[in-house]
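> only geometry, no sequence info:
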C-alpha cells in the first residue's frame, strides 16, 4: 500500500477541470508516451460520476466511500488503495471530513 | 497576451493544496532545474492571500479583480495577463461567475 506522491516527466494542462461547482477539481497530465492521467481532489460531498473510458482511481490522501453502478455494497478506499471503474458506467462516491485526493488512470 | 496552456517536463505533486475550504485548489509542479510553480483555480469567492516569497500570478482562463496590500485600486486581470505580488505581503482577490485559472510563479 504505497502512496504515489509525484508523477514525474509529465506535461500538465494549466486549466483545471472543475466538476460539480468545484466539489471536484482536477488537472490533466500527459506522459511522454501519450498516456493521460489526472490528479484531483474531491471535497466533502456525495457525487455521482459517469465514465467513458474505464478508470482506475488511486487514492493519495484522505478516503472515500464508493458504490459502483449495479452494486448494493459501499466500499471504503483510502490513500494507497485503488478501485476500478468500468467504461460507460457510473459510480457514487461520498467524501466526508477531509478531502479525498486521487490519481485517475484512464484506459 | 498569449496563454500558457501546458507546463512541460515537470513533476506534479499528486496531493492538491486546498485553501479556503476548497475555494482555491492548486497542484504543485517542479521543473528539472528545481524551480517550483503551482497550477490552480479559484472558484467564485472573495479571498485574501498572504505571500511568503514574491509571486507572479499568470491567468490562463477566467478573470479576477485584485487589490494589493496598501493599494486602494482594484485591477482586473484575465487570461494571458499577469500580476506581481511582493513577498511578505497580501492581496485581495475576487472571482465572480466563472472560475479563475492561474499559474503561480514563485520568485
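The structure has been received and is ready for your questions. Keep in mind it's a predicted model, so treat the numbers as computed, not measured. Numbers count the residues shown, from 1 in each chain, chains lettered A, B, ... in the order given.
> Between its first and last residues, what's the separation in stretch A:78-88?
24 Å (CA to CA, to the nearest Å).
> Ramachandran coordinates for residue A:44?
phi -50, psi 120 (degrees, to the nearest 10).
> Give me the below-cutoff pLDDT ranges for chain A.
For chain A, the stretches flagged by pLDDT under 70 are A:1, A:107.
> now the strands: where do they sit in it?
Counting by DSSP state E, one finds strands in chain A at the ranges A:6-13, A:17-19, A:24-31, A:36-42, A:45-50, A:55-61, A:64-68, A:75-77, A:82-85, A:90-95, A:100-106.
> List the pairing partners of the last one within its sheet, with orientation.
Okay, so that is strand A:100-106. Note on strand A:100-106: by DSSP bridges, its sheet partners are strand A:36-42 (antiparallel), strand A:55-61 (antiparallel).
> Next, the angle strand A:45-50 makes with the last one.
Relative orientation of strand A:55-61 with respect to strand A:45-50: 160 degrees, computed using axes from the mean of the first three to the mean of the last three CA atoms, to 10 degrees.
> mind checking how far strand A:55-61 is from the chain centre?
How far strand A:55-61 lies from its chain's middle: 5 Å, per CA atoms, centre = their mean, to the nearest Å.
> Export the strands paired with strand A:100-106 as CSV, with columns for mean neighbour count and distance to residue B:58.
Backbone N, C-alpha and C define where each C-beta goes, glycine included. Output for the strands paired with strand A:100-106, formatted as CSV (neighbours: other CB atoms under 10 Å in any protein chain shown; distance: least, CB to CB, whole Å):
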stretch, mean neighbour count, distance to residue B:58
strand A:36-42, 23, 20
strand A:55-61, 20, 26
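> Output those as JSON lines; include the columns distance to residue B:39.
Formatted as JSON lines, the strands paired with strand A:100-106 follow (distance: least, CB to CB, whole Å):
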{"stretch": "strand A:36-42", "distance to residue B:39": "10"}
{"stretch": "strand A:55-61", "distance to residue B:39": "17"}
